[in-house]
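# A structural model of the following input is requested.
(2 chains)
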Amino acid sequence: MPSVKFIAHDGTESEVHVAAGTNVMHAAVDNGVRGILADCGGACSCATCHCYVDEAWQERIGSPDEVEEQMLDFVMELQPNSRLSCQIVVDDSLDGLVIRLPASQI
Amino acid sequence: MSNAHAVIVGASHAAAQLSVGLRQSGWEGGISVVGSEAIPPYHRPPLSKDYLGGDKHADELLIRPAAFYQQQDINLVLGTRVTALDRANKEIELHDGARIPYTKLALTTGAAVRKLPLTGSDLDGVLYLRELSDVDRIRGYLGAGKSAVIIGGGYIGLETAASLRKQGMNVTVLEAQPRVLQRVTAPEVSAFYSRVHREEGVNIMTEAQVQAISGEGRVQGVTLSDGTHIDADLVIIGVGVIPATELAETAGLEVDNGIVVDEYARTSDHDIVAAGDCTNHYSAIYDRRLRLESVQNATDQAKLAAGTLCGKLEAYNALPWFWSDQYDLKLQIAGLSQGFDRVVMRGDSESGRSFAAFYFSGERLLAVDAVNRPKEFMSVRRALTQGQSADPEVLADDSADIKQAFST
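Residues are numbered from 1 along each chain as shown, chains lettered A, B, ... in the order given. The predicted model follows:
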């Protein structure tokens, strides 16, 4: 099972293992990683699962689609590596993925 | 570890949030969540969409996996109905007669489908859609080329129609009012959804009064009051919900179109909070009492209710928002449009599949229905949360930057 490391805004790290096919939002919520709200449950409708993809992984993760990009335009502290975590699916090629979390979702 | 025990009745979306919220707010006592369904709290919106379409497994709907509650020392008591609330002794009674004492109680009982007392509604193949088990049953009647009749042209009916069309079924939607979504949207938005559903091959019939559902043992069709008969292998009734307030009412709590709560989610008994679809609460943004059927309200009110039970009072003032996915249409709604006297359209709703309808009362922006327009949705969500209105002229000009409309 691929692992995902979350680094909270205060530097706290948590590493979780998830089944391939799980999205990064679920990886956080299912394992009690705080800092991701995910109010809409992954429908790309609420923009409360904002995260930053670690620079080393940015290229492999790719860019957001148009809907996600428009939603991202309204998150707090937007950065070039901002993504909505419900839209990133973890597969074996992403084993070891590093995700940083913002100070606040809203 | 304290001896205090928080009991949450109804294993709903609000319950999941409230139980986790209690731990996050520092509740050290026991927490029990009691619910009649056999599985932990799950996301309901996908029921009429991905789950009905078979694109999602039940496990994927869970708000948190069962193991998570264990880790948080939250006791899930599933497959269990609560039959009475005894406020004098601070206990709840279960269907098997067992009693559970509580220090603090939360009612997150949600809503139940409104039943239609139609002739033939007890036939095999006539179903409602609210719980996971309802959809599991519905899935037994699906199949390309088969015919489904959906009674009710609200969001549930239309989402269901879209899911069934995707499976190659012949779908008819019967709406009693002159237009679909009449209760919740402007005529322009209703016309848009009727057009798209027709383009997708759905037979939409408005002002359709159902007289009876016919069949022998198993459903065969629906007859309208004008004599029209429509064949059906499956009939799904989606005509709204009613708040599940019976327990509260019997226990003497104040109930008026939902369990009446104050801005801290407290019922008329301050050891009992309530959150989600079952509540009637005051909205400062709209200056009236509301009963909302939404994930947003379930989540936000439950968070606040958890704080209240831990002695951290914070007044509820969240902006309502909603979404509905049908075909390639992503509808996002911010605010409540009820009471509007003007609609400003951005983009073309008469052709194409992307536009936004902004609702105004006088100068005041009330809400937006945004179809495949996340930017418009997010802009209005932010503006309404901050108490801003918007410039209708900029909104109506699709070539203008939406952000300019809110710059004043």
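# List the buried residues of the least confident helix or strand in chain B by mean pLDDT.
Counting by mean pLDDT, DSSP states H and E, the weakest-scoring helix or strand in chain B turns out to be helix B:58-61, with a mean of 92. Within helix B:58-61, the residues that qualify as buried are B:60-61, counting by 16 or more other C-beta atoms under 10 Å in any protein chain shown. Placement of C-beta: from N, CA and C, glycine included.
# Off-centre distance for that helix?
Here the centre of helix B:58-61 is set off from its chain's centre by 18 Å, with C-alpha atoms, centre = their mean, to the nearest Å.
# That helix: what's the following helix or strand?
helix B:66-71 (DSSP states H and E).
# which strands and helices sit next to that next one?
Contacts defined by 3 or more C-beta pairs under 8 Å, 6 or more residues apart in numbering or on different chains; DSSP states H and E place helix B:66-71 against strand B:74-77.
# Does the strand it packs on reach chain A?
No. Judged by C-beta under 8 Å from any C-beta of the partner chain, strand B:74-77 makes no contact with chain A; its nearest approach is 11.3 Å.
# Residues contacting that strand, please?
B:11, B:19-20, B:23, B:30-35, B:40, B:66, B:69, B:94, B:100 (C-beta atoms under 8 Å, 6 or more residues apart in numbering or on different chains).
# Neighbouring strands of that strand in the sheet, and parallel or not?
Here strand B:74-77 is paired, per DSSP bridges, with strand B:30-34 (parallel).
# what is B:Leu127 paired to in the beta sheet?
Here B:Leu127, judged by DSSP bridges, has bridge partners B:Ile236.
# Against chain A, how distant is it?
As judged by C-beta to the nearest C-beta, to the nearest Å, B:Leu127 and chain A stand 24 Å apart.
# thought that residue was touching B:Asp233?
No. B:Leu127 is beyond contact range of B:Asp233, at 11.7 Å (criterion: C-beta atoms under 8 Å).
# wait, what's in contact with B:Thr371?
Thr isn't right for residue B:371; it's Val. With contact set as C-beta under 8 Å, 6+ apart, B:Val371 has these partners: B:192, B:329-331, B:349, B:353-356.
# Give the buried residues for stretch A:70-81.
A:70-75.
# mind checking how far the closest residue to A:Gly32 other than its chain neighbours is from B:Thr245?
Nearest non-adjacent residue to A:Gly32, counting by C-beta to C-beta, 6 or more residues apart in numbering or on different chains: B:Phe68, 6.0 Å away. Counting by C-beta to C-beta, to the nearest Å, the separation of B:Phe68 from B:Thr245 is 29 Å.
# Equivalent analysis for B:Gly215, please.
Counting by C-beta to C-beta, the gap from B:Gly215 to B:Thr245 is 34 Å.
# neighbour-wise, which of the two wins?
The neighbour comparison of B:Gly215 against B:Thr245 (other C-beta atoms under 10 Å in any protein chain shown) goes to B:Thr245, with 23 against 18.
# Identify the residue nearest that one in space, chain neighbours excluded?
That would be B:Val255: by C-beta to C-beta, 6+ apart, it lies 4.7 Å from B:Thr245.
# Please report phi then psi for that neighbour.
phi -130, psi 130 (degrees, to the nearest 10).
# what pLDDT does it get?
Looking at B:Val255, its pLDDT stands at 98.
# what's the answer for B:Leu174, then?
For B:Leu174, the predicted pLDDT is 98.
# In contact with the nearest residue to it once chain neighbours are set aside, which residues?
Computed as C-beta to C-beta, 6+ apart, the closest residue to B:Leu174 that is not its neighbour in sequence is B:Ala208, at 4.1 Å. Going by C-beta under 8 Å, 6+ apart, B:Ala208 touches B:174-176, B:224, B:228.
# roughly how far apart are the residue most central in space within chain A and chain B?
By C-alpha atoms, centre = their mean, chain A has its centre lying nearest to A:Ser85, at 2.9 Å. According to C-beta to the nearest C-beta, A:Ser85 and chain B sit 16 Å apart.
# right, and that residue touches A:Val29 too?
No. Between A:Ser85 and A:Val29 there is no contact under C-beta under 8 Å: 9.2 Å.
# quick one: common contacting residues for these two?
Between them, A:Ser85 and A:Val29 share the contacting residues A:36, A:38, judged by C-beta under 8 Å, 6+ apart.
# Up against chain B, what does chain A have?
Checking chain A against chain B by C-beta under 8 Å from any C-beta, the hits are A:29-32, A:34, A:39-41, A:43-47, A:67, A:70-71, A:73-74.
# Filter the residues you listed down to the buried ones, ChimeraX style.
The following ChimeraX line selects those of the residues of chain A next to chain B that are buried, judged by 16+ other C-beta under 10 Å:
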select /A:29,30,31,39,40,41,43,44,45,46,47,67,70,71,73,74
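# now, which of the residues of chain A next to chain B lie within strands?
Assigned to strands by DSSP state E, none of these qualify.
# Go through the residues of chain A next to chain B and flag which are in helices.
Using DSSP state H, the subset of the residues of chain A next to chain B located in helices is A:29-30, A:67, A:70-71.
# among those, which two are most distant?
A:Asp30 and A:Gln70 (27.2 Å; C-beta to C-beta).
# tell me which of the contacts of B:Val371 is nearest to chain A?
B:Lys330 (6.5 Å; C-beta to the nearest C-beta).
# tell me the phi and psi of that closest one?
phi -110, psi 100.
# And A:Ala56, by the same measure?
Per-residue torsions, A:Ala56: phi -60, psi -20 (degrees, to the nearest 10).
# number of nearby residues for B:Arg198?
11.
# Contact partners for it?
B:Ile204.
# Name the helix or strand for it, please.
Per DSSP H and E: helix B:187-199 holds B:Arg198.
# Beyond that helix, next helix or strand please.
strand B:203-205.
# Would you map the helices across the chain?
Went with chain A since none was named. In chain A, helices defined by DSSP H lie at A:24-30, A:55-61, A:66-72, listed in chain order.
# ah, no, chain B please
Under the criterion DSSP H, chain B carries helices at the ranges B:13-24, B:58-61, B:66-71, B:132-139, B:155-166, B:187-199, B:246-250, B:295-309, B:374-385, B:392-396.
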